[in-house]
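Visitor: what's the 3D shape of this:
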Amino acid sequence: MENRTISVTVNNLPQIHTVEPRLLLSDFLRHTCGLTGTHVGCEQGACGACTILFDGEPVRSCIMLAVQANGHTIETVESLGTPDNLHPLQTAFHDAHALQCGYCTAGILMTLKAWLVENPKPTEREIREALSGNLCRCTGYQHIVNAVLLATGQSPLGAK
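Guide: So this is what the prediction gives:
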């Protein structure tokens, strides 16, 4: 197949690249754009580690082709904040000790960023349901739930 030129906005920066039609969006972001925060876990769309925002909606970048992003807007975890100016979710994850190995964290953060727009004061149950598509092998999710509660101005479970 003949290579295709795509134009996509990634983290508010225009990107124009010629790619193979079979190149996965996750590989495009990691290898072509140099944005390694998007992790690839299962390569089947099941684990959520590769979740990005595609026109504001969370999608699995490991099951999309880069050519499908032509003309669209993408946000990766690199768009959230900087070490000196963290996004509120990143701060809450730090403060609630919601990080373990960190492999799943980028996908979780991107999922939650979009979800919290529609659910600004979620319950524990709603948070757990929102996280159900993101697998973490290191935790029991309680610290992640607490981080979301903290980020939304609510008291983490078990806090005094």
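Visitor: nearest residue to residue 133 other than its sequence neighbours?
Guide: residue 48 (5.1 Å; Cβ to Cβ, 6 or more residues apart in numbering). C-beta: built from backbone N, CA, C; applies to glycine.
Visitor: Buried residues, the longest helix along the chain. List them.
Guide: Counting residues, the longest helix in the chain under DSSP state H turns out to be helix 105-118. For helix 105-118, burial by neighbour count (16 or more other Cβ atoms under 10 Å) applies to 105, 106, 107, 108, 109, 110, 111, 112, 113, 114, 115, 116.
Visitor: which residues touch the last one?
Guide: The one in question is residue 116. Contacts for residue 116 (Cβ atoms under 8 Å, 6 or more residues apart in numbering) come out as 89, 122, 148, 151, 152.
Visitor: same thing with the fourth one?
Guide: Contact partners of residue 108, counting by Cβ under 8 Å, 6+ apart, are 48, 51, 131, 134, 136, 144.
Visitor: could the residues you listed be laid out in TSV, adding neighbour count, distance to residue 76 and pLDDT?
Guide: Formatted as TSV, the contacts of residue 108 follow (neighbours: other Cβ atoms under 10 Å; distance: Cβ to Cβ, whole Å; pLDDT from 0 to 100):
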residue	neighbour count	distance to residue 76	pLDDT
48	24	14	97
51	30	10	98
131	20	19	96
134	23	15	96
136	22	19	92
144	27	19	96
